[in-house]
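A.B. asks: Curious how this folds, go ahead:
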Amino acid sequence: MGVWHERPRCDEAPAWALLRSHFQQAFTGPQAFDLRRAFEQDAGRFAAFGLDAPSLFADLSKNLIDRTAQRLLTELARECGVEAHRDAMLRGERINTSEDRPVTHVQWRSESNRPVTGTDQAQSAIKSIVDVPPDVQASRHAMLELAEAVRADAGISDVVHIGIGGSDLGPRVVVQALRASGCVSGPRLHFVANMDGHELAAVLAPLQAARTLFIVASKTFGTAETLRNAQSARDWFVAQGGGEVARHFVAVSANRAAAAAFGAGRCLGFDEGVGGRFSLWSPIGLPIAIAIGRAGFEQLLAGARALDEHFAGAPLERNLPVQLALLDLWYRNFHGLASRCVAPYHHGLRGLPAWLQQLEMESNGKGVDARGRPLGFASAPVTWGQAGSNGQHAFFQMLHQGSDVIPVEFVLVRDDAHGLPGHHDKLLANALAQARALMCGQAGDAPERHFPGNRPSTVLLLPDLSPHSLGALLSLYEHRTFVLGSLWGLNSFDQWGVELGKRHAGAIEAALQAHTEGSTLDASTAGLLARLRQP
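C.D. replies: Numbers count the residues shown, from 1 in each chain. From the prediction side, this is the model:
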């Protein structure tokens with residue numbers, strides 16, 4: 001197995017007790033840590049808590065953390081074997097123990113034949129992500145060739161991508177972001193995920209069957225929502241006089257036999273080690289490649305790869321994914337904060353909170369560790385948010401004056417692509433003002449005008465919203481999620497909780513369609529079935 005398998009869980013490491021003691025002494029009571037006082041007493045706080053990574057700068061200085069806590073948290077990461085666990089993942093070892101699988105999504109953005117520099121340890125870790133397995137290289141080439149062919153086909157005006165979960169959210173958030181930056185061209189792209197037929201019907205209504213290509217994305221080719229939508233799309237295609245189903249339906253799946261049985265003429269495959277929520281770098285990213293072309297997709301991979309190499313080689317003290325994960329643990333397990341707000345101040349990134357919800361809560365929303373032991377502490381907080389400045393007129397009231405302290409993560413993009421004067425400076429000013437107001441607060445002349453302040457925030461700054469910088473940002477969040485799961489002793493790459501509701505749905509659907517009472521169902525579900533049958 002290797003040393004990563006026997007690593008201690010965070011609450012078993014010596015630094016955990018030291019952190020608990022430090023938290024009680026410095027962050028509770030009448031003299032508890034206050035951000036305003038911290039900046040007054042430490043002129044170097046911004047520099048100390050600012051971290052650079054490829055295409056990213058993170059300002060962590062407005063967080064409820066001091067240098068002692070940061071040092072102890074970094075020591076905790078060492079004691080928990082995060083580095084060994086990271087290197088095992090990058091080497092392709094079977095760290096997904098419950099499914100006995102490697103974790104291979106990083107390999108799908110690797111590039112062969114590049115020089116490796118840095119320390120011996122960093123070279124060893126980075127070497128794992130610059131050697132592309134032949135099957136990955138061949139599959140990537142096939143995907144990019146197909147994408148270029150679709151872009152060049154004047155007979156295809158629309159592409160409908162059918163998936164759900166990671167096979168939908170990943171491509172959707174990337175295309176949405178890069179469309180806002182002017183990077184998208186080629187046929188019109190549409191995304192369908194919801195089993196509710198209203199979404200598919202609305203997408204299909206204006207389309208012409210002969211000019212439409214369908215992509216059906218499902219690793220197992222057995223996902224109920226995706227298959228229902230795909231079958232309805234195929235029925236629509238035939239009813240509209242579409243010929244050559246095989247030519248107009250492409251599958252992206254690890255189950256080639258099932259894709260062929262469905263009627264897809266082409267199937268782009270990938271290995272079982274690619275989890276859905278980490279899959280946009282694989283052939284699941286076909287709609288991205290159609291939207292931005294080969295060169296754009298390669299830049300997306302390059303940005304992610306640059307962050308991978310930072311994660312593999314940077315010391316823990318300056319390693320951005322590691323430090324963000326440690327901050328998440330500090331808030332969840334010591335401050336007891338149960339949620340985190342993500343506020344991207346860019347219209348293109350409005351889908352980022354939804355992508356993060358699946359990435360973080362499906363990966364780490366677990367109550368037992370990878371050895372099957374119950375956790376003695378809280379795991380994944382609720383991730384939520386929406387684009388700024390809209391959120392300022394929705395939930396920011398609660399962030400400033402509500403009874404819960406909620407860390408806010410502002411995602412800023414320095415350069416705009418819209419060309420409208422007067423907008424971007426105002427947008428950025430609003431973001432910085434919100435972060436400052438959360439920290440500074442205000443002594444009001446009436447209780448309702450009092451803002452307590454001392455409320456934490458992080459700023460992540462990108463230079464632009466290009467494929468390269470977006471790739472780095474998404475890779476950052478993936479590695480951050482992995483590190484937090486590693487600290488908690490979790491397997492961040494299975495999702496057994498997703499399957500339970502699906503099993504119940506089959507029996508309930510059968511009872512609903514057969515108009516039976518569903519004798520094995522509980523009284524509430526049976527009663528609701530009866531109500532649904534009423535005219």
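A.B. asks: hey, let's count contacts and neighbours off CA atoms from now on
C.D. replies: OK.
A.B. asks: For Pro171, see how far away the closest residue in space to Gln357 that isn't next to it in sequence is.
C.D. replies: Spatial nearest neighbour of Gln357, chain neighbours left out: Thr383 (5.5 Å); criterion: Cα to Cα, 6 or more residues apart in numbering. In this view, Thr383 and Pro171 are 20 Å apart by Cα to Cα, to the nearest Å.
A.B. asks: the more surrounded of the two?
C.D. replies: Neighbour count, other Cα atoms under 10 Å: between Thr383 and Pro171, Pro171 has more, with 25 against 19.
A.B. asks: Report the mean per-residue pLDDT for the helix or strand hosting that one.
C.D. replies: Element membership for Pro171 (DSSP states H and E) is helix 166-180. Helix 166-180 shows a mean pLDDT of 96.
A.B. asks: other SSEs contacting that helix?
C.D. replies: With contacts defined as 3 or more Cα pairs under 8 Å, 6 or more residues apart in numbering; DSSP states H and E, helix 166-180 has these neighbours: strand 188-192, helix 286-313, helix 352-356.
A.B. asks: returning to that earlier point: the helix or strand encompassing the residue nearest to Gln357 pairs with which strands, parallel or anti?
C.D. replies: Using DSSP H and E, the element containing Thr383 is strand 382-384. According to DSSP bridges, strand 382-384 forms sheet pairs with strand 339-345 (parallel).
A.B. asks: which residues are in contact with the partner strand?
C.D. replies: The contact list for strand 339-345 (Cα atoms under 8 Å, 6 or more residues apart in numbering) reads 350, 352-353, 381-389, 391, 406-413, 427-428, 431.
A.B. asks: now do stretch 316-331
C.D. replies: By Cα under 8 Å, 6+ apart, the residues outside stretch 316-331 that reach it are 51-53, 58, 71, 73-74, 77, 310-311, 337, 476-477, 479-481, 483-484.
A.B. asks: the domain parsing of the protein - what is it?
C.D. replies: 3-93+315-487, 134-294, 498-533 (automatic domain parsing).
A.B. asks: Serialize those domains to CSV and add fields for distance to Leu301.
C.D. replies: Listed next are the domains of the chain as CSV, based on distance: least, Cα to Cα, whole Å:
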stretch, distance to Leu301
domain 3-93+315-487, 6
domain 134-294, 7
domain 498-533, 29
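A.B. asks: For Val103, find the nearest of those domains.
C.D. replies: Closest approach to Val103 among the domains of the chain is made by domain 134-294 (4.8 Å; Cα to Cα).
A.B. asks: still on that earlier bit, narrow the contacts of stretch 316-331 to those that are buried.
C.D. replies: Buried subset of the contacts of stretch 316-331 (neighbour count, 16 or more other Cα atoms under 10 Å): 51, 53, 58, 73-74, 77, 310-311, 337, 476-477, 479-481, 483-484.
A.B. asks: Show only the entries of the residues you listed found in strands.
C.D. replies: 51, 53, 58 (DSSP state E).
A.B. asks: residues in contact with the last one?
C.D. replies: To tie it back to what came earlier, the one meant is Ala58. With Cα under 8 Å, 6+ apart, Ala58 has these contacts: 50-52, 320, 458-461.
A.B. asks: got a winner among the residues you listed for most neighbours?
C.D. replies: Leu320 (27 neighbours).
A.B. asks: pLDDT value on it, please?
C.D. replies: Looking at Leu320, its pLDDT reads 98.
A.B. asks: Kindly report the same for Glu499.
C.D. replies: Here the pLDDT value assigned to Glu499 is 78.
A.B. asks: Name the helix or strand for it, please.
C.D. replies: helix 496-514.
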